[in-house]
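[1] take this sequence and fold it.
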Amino acid sequence: MGKYIVRRLLWLVLVLFVVSAITFIMMRLVPGGPFNTERGVPPAIIANLERRYNLDAPLIEQYVDYVAGLALPRITDSSFRRSVAEDYLINIPLDFLGEGTALRWMNFGPSLTRRSQTVTAIISDTLPVSMQLGTAALLVGVLIGVPLGIFAALRRNTWGDFVGMGVAILGVSVPAIILGPILQYVFGVGLGWLPVTGWGSFAQVIMPAFALGFAQSALIARLTRASLLQVLNEDYIRTARAKGLHNRTVIIVHALKNALIPVVTVLGPLAAALLTGTFVVEIIFGIPGLGKFFVNSIINRDYTIIMGTVLLYAAVLVFANLIVDIVYAWIDPRIRYT
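    Okay, here's the model as predicted:
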């Protein structure tokens, strides 16, 4: 398992390199630039801005400079001062080498449209909020979807099955952009139980987490039902029942573990999407997350924010899939990695 994890981490480096190259090329092929506005900007000013941010250099040089600033760590002394040009995501003090000495890594560069901010600062400020919302939404999806799918599978073609799958279809059919305002009107305006917008307290998490996680719970419920029904028809389940085991033991010990393998598979990319921010829900509930910066960076052609958020999403996605593979071995002892 250890060799497998190391090999996957090495593949992570290659994946991030390929993603960064493709993203860098594609965003430069799109017409327009970060300094173009509807009212127009004099060519001389655009030229000065491009010179300041090294955008007038050859593309290969720009790409190498960006990757070097992001991938190569740097050891600094007490003379280092954080600036728009140099702002690192990881800062590890190395006081044993001298007071003020630190290892600094991952400089995402300055924002081209928010010129007083760095991409590192934007990620540091907004990613924790998006991760909190994503974690809460993922818990909602799992805690609703898995029991609902099990309930429907064990009562196949009965009213319980029809009700469970009806709830799942409702979750798939009603997107967060519709469910969010409905929750705000009912529980925020009408009943006054929960705050309509904002972030920081547990009460402010409930509605956005449910609006974001309910659709995912519908997907998980349908997948859990289908997978469990397939497992219940396997020979080893019939053998376990023939031995006289209690039905609850057969379901929990023998059937459920194997039935959850497809569910765990979709939880990897699902967790990556939720943890890195969801633009619609963050806008509806006024949540200061990362999603809006990702969308606005594409609209504004902010190259550094685009690169930073895409690479962040790719890294989270690869790590989530790695965790899924590790969980496979725990769920099914027959799975081995070498």
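
[2] for the nearest residue to Glu99 once chain neighbours are set aside, grab the count of nearby residues.
    Excluding its sequence neighbours, the residue lying closest to Glu99 (Cβ to Cβ, 6 or more residues apart in numbering) is Ser78, at 6.0 Å. C-beta coordinates here come from the backbone N, C-alpha and C atoms, glycine included. For Ser78, the tally of surrounding residues (other Cβ atoms under 10 Å) stands at 10.

[3] residues contacting Ser78?
    With contact set as Cβ atoms under 8 Å, 6 or more residues apart in numbering, Ser78 has these partners: 98-101.

[4] need those in CSV (columns: distance to Ala242, pLDDT and neighbour count).
    Putting the contacts of Ser78 into CSV (distance: Cβ to Cβ, whole Å; pLDDT from 0 to 100; neighbours: other Cβ atoms under 10 Å) gives the following:
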residue, distance to Ala242, pLDDT, neighbour count
Gly98, 72, 78, 10
Glu99, 73, 81, 8
Gly100, 72, 80, 13
Thr101, 69, 86, 16
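
[5] my guess is Asp56 is in a helix, correct?
    No - applying DSSP: H, G, I helix; E, B strand; the rest coil, one finds Asp56 to be coil, outside a helix.

[6] so Gly32 makes contact with Arg301?
    Yes - contact criterion Cβ atoms under 8 Å: Gly32 and Arg301 qualify, at 5.3 Å.

[7] quick one: low-confidence ranges for the stretch 151-300 of the chain?
    Where the stretch 151-300 of the chain drops to pLDDT under 70, the residues are 276-277.

[8] at 50 what do you get?
    Scanning the stretch 151-300 of the chain for pLDDT under 50 picks out no residues.

[9] before we move on, back to that, find me the pLDDT at the residue nearest to Glu99, would you?
    In this model, Ser78 is scored at 81, pLDDT.

[10] kindly provide the distance from it to Val167.
    To Val167, Ser78 is 60 Å away according to Cβ to Cβ, to the nearest Å.

[11] thinking Phe294 is in contact with Phe279, fair?
    Yes - the pair Phe294 / Phe279 is scored as a contact, 6.9 Å apart, by Cβ under 8 Å.

[12] with respect to Leu191, which of the contacts of Ser78 is nearest?
    For the contacts of Ser78, the residue nearest Leu191 by Cβ to Cβ is Gly100; the value is 54.6 Å.
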